[in-house]
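> Got a sequence here, can you build the structure:
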Amino acid sequence: MMEARRRTLHSVILPAGILIVCGWLRPTIAQQKPATQAPKPATPPKTTAPPAPTPSPTAAQLDKQGEALLAQGKVVEAIALFKQAVTANPKDIHGYFDLGTAYSQNKQVPEAIRAYRQAIALNPNVPGFRVALGNALVDSHQYDAANAQFTRAVEMAPESLETRLALARAYQQEKDPLDERKALIEALGFAPDSPDVHDMLGDLDEQEDRHEEALAEYQAALRAAPNDMGALLGEANALTSLKRYAEAEALMRAQLARNPKDPNAHSGMAQVLDSEGKHAEAIAEYRTALQVTPQDPYVWGNLGWAQYQAGQYEDALASSRKALEIDPTLTYVRFNIGLILAAQGKWGDAEKAYGQALAGAGEADIRSAIKDVQSALAKQPQSDGLKQALSYLTLAERKVSALPEG
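Okay, the predicted model is just below:
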């Protein structure tokens, strides 16, 4: 900023002896102080007012954003927002529930359990919270704890189909078909037209070789929900078990005519063809299904079975191991690996595979595995590996089915 200019006075010479009488003596020029102009006050610099701080999003807003991300499949991003929400509001009940849901989808089961427990601690009277916690406990194989949650949910909402189905699914995972059937029949009393209940009853019947009853259940499910793909596949499977192959193929061809790229229909058709002994055609159908769903462990497992049936043992092992890589809980695939290795005469490796399978097997699983070994022995009666497999599994079945003493 420029300095204020000073005004300069010029010297004036007065004649000698002349006095200026004004009542006071005017000072000489030399005595005068130069007048100066007072400096102008500095103008303060113009400043822009700082913007008002953006308010932090509320827990409810964070929940809403997280739910939108979860709907888009962006699970990790959703988890981050739900964690922010419950940090912003430790009493955000729905934030904890949403966080548990996101963790479950991300296969972070222990974290999901903790989040659901927190939601229940904040509000213990919501049956849906207990169902969600129970499902997470099932995923972590804590069946007794899961059943306790489902039972409490049923007590709170006795007419809720969701809670009763959850209890039945827990018994299913626990390999407890008697209690599963009981829970499903009770559910049917509240929802006689439920396709889910009929589907699950059909699956139970099929496992117990009650193929006619299974077929009736699947058809009941389809009457209630004509587009229920699970029931349609179940019907085709029951027809196949009854050796009504033409009808089973017709069902799948009709579905493929409606949707030529439907991987479920291709997989269903493959199962029918494999049962007919058309293994090469079945393998082709499974591979078509995998082009659409390359990470479906069940299709990989079933492909491995078809390859085994076709005598392609190494391919069968590779496909089966791929299935377990995606989902290590598939007990039937572990039994299949044991069978393939036994058929190759590799009993040491087969025994290890069977041992792993038995860790998660129920009586029905073991009986099914025994039937597969018996079928293989009918084709290879001199196979020592298969004979050892039959003896090993028969002993395992006796141990599982033995009644406790007392």
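
> counting contacts, what elements does the lowest-mean-pLDDT helix or strand in the chain pack onto?
Sorting the helices and strands of the chain by mean pLDDT, DSSP states H and E puts helix 161-173 at the bottom, at a mean of 87. In terms of contacts (3 or more Cβ pairs under 8 Å, 6 or more residues apart in numbering; DSSP states H and E), helix 161-173 is packed against helix 127-139, helix 143-156, helix 177-190, helix 195-207. C-betas here are computed from N, CA, C, even on glycine.

> Please convert those to JSON lines, extending it with mean pLDDT.
Conversion of the helices and strands packed on helix 161-173 to JSON lines gives the following (pLDDT from 0 to 100):
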{"stretch": "helix 127-139", "mean pLDDT": "92"}
{"stretch": "helix 143-156", "mean pLDDT": "90"}
{"stretch": "helix 177-190", "mean pLDDT": "92"}
{"stretch": "helix 195-207", "mean pLDDT": "95"}
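
> closest one to residue 80 among the ones you listed?
Nearest of these to residue 80, taken as Cβ to Cβ: helix 127-139 at 19.9 Å.

> how far off helix 143-156 does that closest one point, in degrees?
160 degrees (axes from the mean of the first three to the mean of the last three Cα atoms, to 10 degrees).

> Contacts for helix 127-139, please.
The contact list for helix 127-139 (Cβ atoms under 8 Å, 6 or more residues apart in numbering) reads 97, 100-101, 104, 109, 112-113, 116-117, 119-120, 123, 143, 145-147, 149-150, 152-153, 156-157, 160, 162-163, 166-167, 169-170, 173.

> again, only using 7 Å
For helix 127-139, the surrounding residues in contact (Cβ atoms under 7 Å, 6 or more residues apart in numbering) are 97, 100-101, 104, 109, 112-113, 116-117, 119-120, 145-146, 149-150, 152-153, 156-157, 160, 162-163, 166, 170, 173.

> who does whatever helix or strand residue 249 lives in touch, helix- and strand-wise?
Residue 249 is part of helix 245-258, with elements assigned from DSSP states H and E. Under the contact definition 3 or more Cβ pairs under 7 Å, 6 or more residues apart in numbering; DSSP states H and E, helix 245-258 sits against helix 229-241, helix 263-275.

> let's go with 10 Å and repeat that
On a contact count with 3 or more Cβ pairs under 10 Å, 6 or more residues apart in numbering; DSSP states H and E, helix 245-258 meets helix 229-241, helix 263-275, helix 279-292.

> Give the buried residues for that helix.
By neighbour count with 16 or more other Cβ atoms under 10 Å, helix 245-258 contains the buried residues 245, 248-249, 251-252, 255-256.

> Next: stretch 170-180.
Buried residues in stretch 170-180, counted by 16+ other Cβ under 10 Å: 170-177, 180.

> got it, and stretch 106-121?
108-109, 111-120.

> Out of those residues, flag the one nearest to residue 312.
Closest to residue 312 out of the buried residues of stretch 106-121 is residue 109 (35.8 Å), distances taken as Cβ to Cβ.

> For that closest one, give me its contacts.
By Cβ atoms under 10 Å, 6 or more residues apart in numbering, the contact list for residue 109 reads 103, 135-142.

> The closest residue to residue 196 other than its chain neighbours: neighbour count?
Spatially, and ignoring its direct neighbours in sequence, residue 196 is nearest to residue 165 (5.7 Å; Cβ to Cβ, 6 or more residues apart in numbering). Neighbour count of residue 165, defined by other Cβ atoms under 10 Å: 20.

> Does residue 165 touch residue 198 like I think?
No - with contact defined as Cβ atoms under 10 Å, residue 165 does not reach residue 198; the gap is 11.6 Å.

> hey, what's in contact with both of the two?
Counting by Cβ under 10 Å, 6+ apart, the residues touching both residue 165 and residue 198 are 184, 191.

> And the pLDDT for the closest residue to residue 287 other than its chain neighbours?
Of all residues not flanking residue 287 in the chain, residue 303 sits nearest, at 7.2 Å (Cβ to Cβ, 6+ apart). For residue 303, the pLDDT comes out at 98.

> Return the residues in contact with residue 303.
Listed by Cβ under 10 Å, 6+ apart, the contact partners of residue 303 are 267, 270, 274, 282-283, 285-287, 289-290, 296, 315-316, 318-320, 322-323.

> can you state the direction angle for the helix or strand harbouring residue 372 and helix 195-207?
Applying DSSP H and E as the criterion places residue 372 in helix 363-379. Helix 363-379 and helix 195-207 meet at an angle of 40 degrees, taking the same axes, to 10 degrees as the criterion.
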